[in-house]
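Novice: Let me see the structure of the following:
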Amino acid sequence: MDADQKACAILERLIDQLHDVTVDYKCGAGVHEFIVCYAGSRFMLRFPEQALLRRGLQELEQMVGQIVERIRTSGSAMRANATAAAAVG
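Specialist: Numbers count the residues shown, from 1 in each chain. Next up, the predicted model:
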């Protein structure tokens, strides 16, 4: 599996795991970049092409699963902070 196919698998995983997400993908200069907009927050994920080539798909999927959990946690924290600020204000 080449780097582009692995990047496509990452993109699919992000979209499948995060509901109401927007993901922009760019590739250039040996870097695959994903800009993830979720729950009012923006996250940038960058994978050097050589890292995608060195790692197996299963390892990348585990890594993306951990990233998804961090994004969800961050999104929940942002919503909780906004709710608290609205209640105080």
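
Novice: drop to CA atoms for contacts and neighbour counts, all remaining ones
Specialist: Will do.

Novice: do you know how far Gln66 is from Leu14?
Specialist: 11 Å (Cα to Cα, to the nearest Å).

Novice: and these two? which has more neighbours close in?
Specialist: Neighbour count, other Cα atoms under 10 Å: between Gln66 and Leu14, Leu14 has more, with 21 against 12.

Novice: which residues touch Met44?
Specialist: 33-36 (Cα atoms under 8 Å, 6 or more residues apart in numbering).

Novice: Among these, which one lies nearest to Leu18?
Specialist: Closest approach to Leu18 among these (Cα to Cα): Val36, at 9.7 Å.

Novice: Strands along the chain, start to end?
Specialist: 22-28, 31-38, 41-48 (DSSP state E).

Novice: winner for burial among the ones you listed?
Specialist: strand 31-38 (a mean of 18; mean count of other Cα atoms under 10 Å).

Novice: for the record, mean pLDDT for it?
Specialist: Across strand 31-38, the average pLDDT comes to 94.

Novice: ok and it relative to strand 22-28, angle-wise?
Specialist: Calculated by axes from the mean of the first three to the mean of the last three Cα atoms, to 10 degrees, strand 31-38 forms an angle of 170 degrees with strand 22-28.

Novice: Strand 31-38 pairs with which strands?
Specialist: strand 22-28 (antiparallel), strand 41-48 (antiparallel) (DSSP bridges).

Novice: just to revisit the earlier point, let me have the strands of the chain in TSV, extended by distance to Glu61.
Specialist: Output for the strands of the chain, formatted as TSV (distance: least, Cα to Cα, whole Å):
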stretch	distance to Glu61
strand 22-28	17
strand 31-38	15
strand 41-48	13
